[in-house]
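**Student:** Sequence and computational prediction follow.
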Amino acid sequence: MKQRISILADLRIKIGNETFDNPIWVASGTFGYGTEAPDLVDVNRLGAIVTKSITRQPREGNPPPRIVETPSGMINSIGLANIGVERYIREMLPIYENLSTKIIMNIAGTDIQEYVEIMKMVESVSSVIVGYEINISCPNVKKGGMEFGVDCDMTAKLTAKLRNITERLLIMKLSPNVSDIVSIGMSAQESGADAVSAINTVVGMSINANTGESNIHTTYGGLSGPAIKPVGLAMVHKLYQDLSIPIIGIGGIVNREDVVEFMMAGSVAVQIGTANFRNPGISEDILDTLEIFLEETHRAAATELIGAVKTHS
Amino acid sequence: MKQRISILADLRIKIGNETFDNPIWVASGTFGYGTEAPDLVDVNRLGAIVTKSITRQPREGNPPPRIVETPSGMINSIGLANIGVERYIREMLPIYENLSTKIIMNIAGTDIQEYVEIMKMVESVSSVIVGYEINISCPNVKKGGMEFGVDCDMTAKLTAKLRNITERLLIMKLSPNVSDIVSIGMSAQESGADAVSAINTVVGMSINANTGESNIHTTYGGLSGPAIKPVGLAMVHKLYQDLSIPIIGIGGIVNREDVVEFMMAGSVAVQIGTANFRNPGISEDILDTLEIFLEETHRAAATELIGAVKTHS
Amino acid sequence: MIIERAYIKSNREVANNIWEMHFEAPQIASEYSGSGQFINILVMNAWNHPLRRPMSIASVVKGNISIIYKIFGEVTQLLSEKKVGDEAELMGPLGNTFSNWKNGTYPILVGGGVGLAPILNLKNECDTHHVKYDIIIGARSGDEHFMDHEPEKNIILSTDDGTIGVKGTVMVPLEKMAKENENPYLFACGPEPMLEAVRNFALSNHIPAQLAVESYMGCGVGLCQGCVIHRQNGEIGRHSYHEKYSLVCLDGPIYEAKDIHFG
Amino acid sequence: MIIERAYIKSNREVANNIWEMHFEAPQIASEYSGSGQFINILVMNAWNHPLRRPMSIASVVKGNISIIYKIFGEVTQLLSEKKVGDEAELMGPLGNTFSNWKNGTYPILVGGGVGLAPILNLKNECDTHHVKYDIIIGARSGDEHFMDHEPEKNIILSTDDGTIGVKGTVMVPLEKMAKENENPYLFACGPEPMLEAVRNFALSNHIPAQLAVESYMGCGVGLCQGCVIHRQNGEIGRHSYHEKYSLVCLDGPIYEAKDIHFG
Ligand SMILES: Cc1cc2nc3c(=O)[nH]c(=O)nc-3n(C[C@H](O)[C@H](O)[C@H](O)COP(=O)(O)OP(=O)(O)OC[C@H]3O[C@@H](n4cnc5c(N)ncnc54)[C@H](O)[C@@H]3O)c2cc1C
Ligand SMILES: Cc1cc2nc3c(=O)[nH]c(=O)nc-3n(C[C@H](O)[C@H](O)[C@H](O)COP(=O)(O)OP(=O)(O)OC[C@H]3O[C@@H](n4cnc5c(N)ncnc54)[C@H](O)[C@@H]3O)c2cc1C
Ligand SMILES: Cc1cc2nc3c(=O)[nH]c(=O)nc-3n(C[C@H](O)[C@H](O)[C@H](O)COP(=O)(O)O)c2cc1C
Ligand SMILES: Cc1cc2nc3c(=O)[nH]c(=O)nc-3n(C[C@H](O)[C@H](O)[C@H](O)COP(=O)(O)O)c2cc1C
Ligand code: FES
Ligand code: FES
């Protein structure tokens, strides 16, 4: 565990009625259930943990090979392997009671009914979850997932249904694999989402030239990592121009400059994804250096960065 | 100029009625008009040169900064700076008469009328152009460009109009910034395109964390280079599943493995883009090593690679 | 499990394209629990290769760790260009260990290609614990070997082309030696086809076998769910919460041959 | 114009964060045509930085080329880690040259920051051709200077903090010297604010000036259209086929101050 350095700048950020200690979160599916790497990271320093997508039933996930590296990135097709909502409630929620970090539960489903059922089950038992991130953008499952995220009407319908069930934070996680992310974001906003997060992975493929084989069992997978950072920045900035709800920025963030850029593009907070695989403690390092950056640039609060990019035109 | 090594494998590929010496082409906007770097490349060895997008009137292009590097890629917002079709006809076509490489003219417009007018002007004067690549996917201009490429109906209408004007190769260049590239490709096919090329650049953004300024004057630009290779491969492979016309693969190709992967995903030929900026002669190097690869893997013809990827599912 | 910046103490080519590197990594060495474990190496700060590279531990001696690696792609190429005194960032020790080799059975160690590291490590542990064993090392050709063929010491080399030792795959001497010894227990590491052959032989002859498997790893610590291998039955693995797959980074890389299959 | 693999003959830090490197690059040296030209450097084979990095030529002596560079980001950092005997791939010589400095005018050379390289190069050319000149070098602080303040030899240093030479920007000595000499001709290279100040001073005092400008370059050879600078009037540039913009890589990097503006 690392020593917290003296803080001058105010790192807190707010979404809906929820205040987070800092804007450095970890992204769903890249940090397990938050309990996997206790030696390497003090999870209580994180602004929030977004847990791995949970489905109604446990899922085995896709056959191997599931991941492959690409230039400055990686492709994954895990296929939403997860323990299912019942084990999540039974085994994970009690652990979260003892963490001081805020937990956001990520939910995935194949139809509206599945999302609703999962959320109702959690609502009925626990208050430890501060909010939900709704995965409508997973490229690696046959049914559901991205189908929602590319369709305004389905996004609106799903958001409205879930809004009826919970008063906790409702964050819709958007797909970059669309012609117009802003219209999807608008649908979420108008149907009551507290925030949107963007982006999930970009559909990609990888082939081994020597063997001729696809490097991913399901042929297509989701591209993540620094390679997609420019895509994430553009989408966050576009959303920021038109939406009034907060945006949580995701995509290839590996250091404090990346965080600053995503916040300047319009993010109120960010999620670290692929970078956790190199170093599960990287978010703590980024947090430390972000504090230094704010002090050095004489900013009193992290919130000063939000949307602060100076465009030329 | 480099010595051509002895050839065993047949590198020729065919699109429509046109046979190309080899599948290694250079991409529009990354090789100027084909005459810029005579010291560094023997253009006659290229399978084809796709020239910079030409508009009806000359265009100044966008203000600087126009380009910036990103992880394993770059963003550009040149804004279709070009000499206009009249100077193209007057100054470039005569030069092309003396090249043995095939020239594909890339055309961009803000409405159907502009595309039609440009093509008619060229049709009426020259036979040196073997075909047209129609840019319906430029992310860096306010009007036109990508508007076409994200809309099936507009793609169909434009393709049909141009098909009426020319018997030369008609290649529609597709945008990756869409929810469903296959439906756009199908529209092009059904309206008479001889081939599609994919992909153009991915919309991206870059910010200087220290100054807070956008690194691109127009805020958004087009991401290219190895970072987008997985995206290009996925889109080519998807198109290959459903289309019957040839696909020309583009996106982050920098070496022979990349060429092999794009051909295995379903490309009949490939275009080298960003890599030319590092080394204008890179296509020649790739061609040499591709020949060796084919020999080493006992393939008699480059065409054996097309669509040869082995998927698991 | 620790992340440790480690000095490179040596780096040399021991056979054709096969390299050996020693690190000074006292923290990881102190947590090390036996042959089979691996480290996850970060060679450069740049992010063009976002992922670490897993490498089996070949030896641990007084705070020093060694690996044996083959140049496959860019990262192992960069590794080979490292000089004495340079640093690398190691995460480890990771994974489980070979087991049951000092419980009265007769270990037959089988290594192929770069699957040498954990097998050499186990060999040394056997030597230290005065456990008798046979060892068979396979390669395509003699230039990939850096040990001597010494049948009298039960060290058997094999090559596909017959340039050194027994001609053929490791299966030829293995089948012979498994029959000659009582209570044989196979311990194997190498390319997948070899492991599959060893597994088939072991299962059909009811000989116990442990395999050190490889899989493409995203994190090495259970975060990414990327490194799965097919389970044969539902009874292995604390960490792998699914029936069909097992996480190699946590519940492997050493498996009983009967517990997994290769898809 | 050539692409040449060049040996690194020296690489050392000459002032705080400012480095000098010598290459053996006989082919490029033989095509070199004068100060102002630049090379486009490829430091590594990996593609995480797809683009080369442009660097002004600081000297050309018998097949050897030198550059002076500042560590800004990853690539210049990597450059600084190169050892004697390592290689880099150079493309060049690129761009145009300073002109009219030996035509009877009195050159005043102005360099700031890393904008030193082409100015030092021009200084040496003036020395070789026995052309008399003044030279003014600016920096933020003394530790960024690697020359001596020698007013008696017309070598004037300035620092923002006054630690060496004249306190203030280069404009202070420049305005004085421009007035003291007859037929002054300014030659400047440095950060954009400095160039803009020199340009304004030159234009309002009707003194001719040549500026070595920088812009973000994709290719260095006219393929990408990325490197444009704003034109002041439509009369410059063979290669830049537009009125509003000029391609710095082909028609620059040296421009008459009156022909361009900084947007
Ligand atoms: C538990 C374990 C132990 C290993 N021990 C050794 C060892 O002792 N010696 C040795 O030479 N090699 C070992 N490997 C394999 C080694 O990790 C790869 O050779 C190395 O990653 C290649 O990297 P590269 O960049 O040079 O090649 P690349 O060009 O990236 O890839 C070449 C091949 O290496 C494999 N590979 C690449 N990245 C990974 C990754 N993140 N995880 C797993 N495999 C990958 C893939 O099969 C790929 O096709 C081990 C792998 C695992 C999982
Ligand atoms: C004609 C010309 C001559 C130059 N001469 C010198 C010189 O003599 N000494 C010197 O130290 N620097 C010189 N530069 C600037 C030098 O190219 C940049 O400092 C270098 O590219 C920084 O690379 P980096 O990876 O270290 O930094 P990065 O982190 O990539 O970038 C830091 C800054 O460097 C600049 N830069 C990065 N890439 C490029 C590029 N492809 N083209 C232009 N600018 C870029 C940008 O302003 C960027 O913000 C020259 C530039 C030009 C155009
Ligand atoms: C291995 C892996 C698994 C992922 N699993 C999920 C998931 O279960 N649910 C989800 O919403 N996003 C998932 N994602 C997407 C990430 O949360 C994130 O949106 C994406 O990786 C982009 O961020 P990055 O570039 O920082 O990784 C996963 C990403 C990776 C790499
Ligand atoms: C600087 C630059 C300018 C480009 N200009 C054009 C253009 O004028 N017309 C066009 O159709 N595509 C243009 N492109 C897109 C390329 O042709 C190609 O589709 C894209 O760069 C992806 O390939 P790459 O990753 O190999 O660069 C341009 C790309 C770059 C980088
Ligand atoms: S490598 Fe990530 S879970 Fe095993
Ligand atoms: S740098 Fe590419 S045109 Fe000038």
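**Tutor:** Sure, I can see it. Ligands and ions are numbered 1, 2, ... in the order given.
**Student:** Just give the nearest non-adjacent residue to whichever residue of the stretch 101-250 of chain A sits closest to ligand 2, would you?
**Tutor:** Ranked by Cβ to the nearest ligand atom, the top residue of the stretch 101-250 of chain A for proximity to ligand 2 is A:Pro226, at 13.7 Å. All C-beta spots, glycine's among them, are computed from the backbone N, C-alpha and C. Across the structure, with Cβ to Cβ, 6 or more residues apart in numbering or on different chains as the measure, the residue nearest A:Pro226 apart from its sequence neighbours is B:Pro71 (3.6 Å).
**Student:** tally of neighbours for that neighbour?
**Tutor:** As a burial measure, the neighbour count of B:Pro71 was computed by other Cβ atoms under 10 Å in any protein chain shown and equals 27.
**Student:** cool, A:Lys310 as well?
**Tutor:** Residues lying near A:Lys310 (other Cβ under 10 Å) number 11.
**Student:** Phi and psi next, for it.
**Tutor:** When quoted as degrees, to the nearest 10, the phi and psi of A:Lys310 stand at phi -100, psi 110.
**Student:** My guess is it contacts B:Asn215. True?
**Tutor:** No - checked against Cβ atoms under 8 Å, the pair A:Lys310 and B:Asn215 is beyond contact range at 10.9 Å.
**Student:** which residues in the chain form helices?
**Tutor:** Because you didn't say which chain, this covers chain A. For chain A, the helices identified by DSSP state H occupy A:84-87, A:93-97, A:112-125, A:146-149, A:152-165, A:181-190, A:229-242, A:256-264, A:275-278, A:282-296, in order along the chain.
**Student:** think we crossed wires, I meant chain C
**Tutor:** The residue ranges that make up the helices of chain C, judged by DSSP H, are C:26-31, C:74-81, C:117-128, C:171-180, C:192-204, C:248-251.
**Student:** Pipe the ones you listed into JSON lines and attach distance to B:Val26 and mean neighbour count per row.
**Tutor:** Below are the helices of chain C laid out as JSON lines (distance: least, Cβ to Cβ, whole Å; neighbours: other Cβ atoms under 10 Å in any protein chain shown):
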{"stretch": "helix C:26-31", "distance to B:Val26": "49", "mean neighbour count": "16"}
{"stretch": "helix C:74-81", "distance to B:Val26": "25", "mean neighbour count": "17"}
{"stretch": "helix C:117-128", "distance to B:Val26": "45", "mean neighbour count": "21"}
{"stretch": "helix C:171-180", "distance to B:Val26": "51", "mean neighbour count": "17"}
{"stretch": "helix C:192-204", "distance to B:Val26": "40", "mean neighbour count": "18"}
{"stretch": "helix C:248-251", "distance to B:Val26": "43", "mean neighbour count": "25"}
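**Student:** Quick one: closest of those to B:Pro246.
**Tutor:** Taking Cβ to Cβ as the measure, those were each checked against B:Pro246, and helix C:74-81 came out nearest at 32.2 Å.
**Student:** Help me confirm that C:Tyr216 comes into contact with A:Met74.
**Tutor:** No - the pair formed by C:Tyr216 and A:Met74 falls short of the contact definition of Cβ under 8 Å, at 9.8 Å.
**Student:** Spatially central residue for chain C, please.
**Tutor:** Per Cα atoms, centre = their mean, the C-alpha nearest to the average position across chain C is that of C:Pro118, at 3.5 Å.
**Student:** wouldn't C:Asn17 be in contact with C:Lys70 here?
**Tutor:** Yes - judged on Cβ under 8 Å, C:Asn17 makes contact with C:Lys70 at a distance of 5.8 Å.
**Student:** Check the stretch 151-300 of chain A for the residue nearest ligand 3 and tell me.
**Tutor:** Using Cβ to the nearest ligand atom, A:Gly273 is the residue of the stretch 151-300 of chain A that sits closest to ligand 3, at 2.4 Å.
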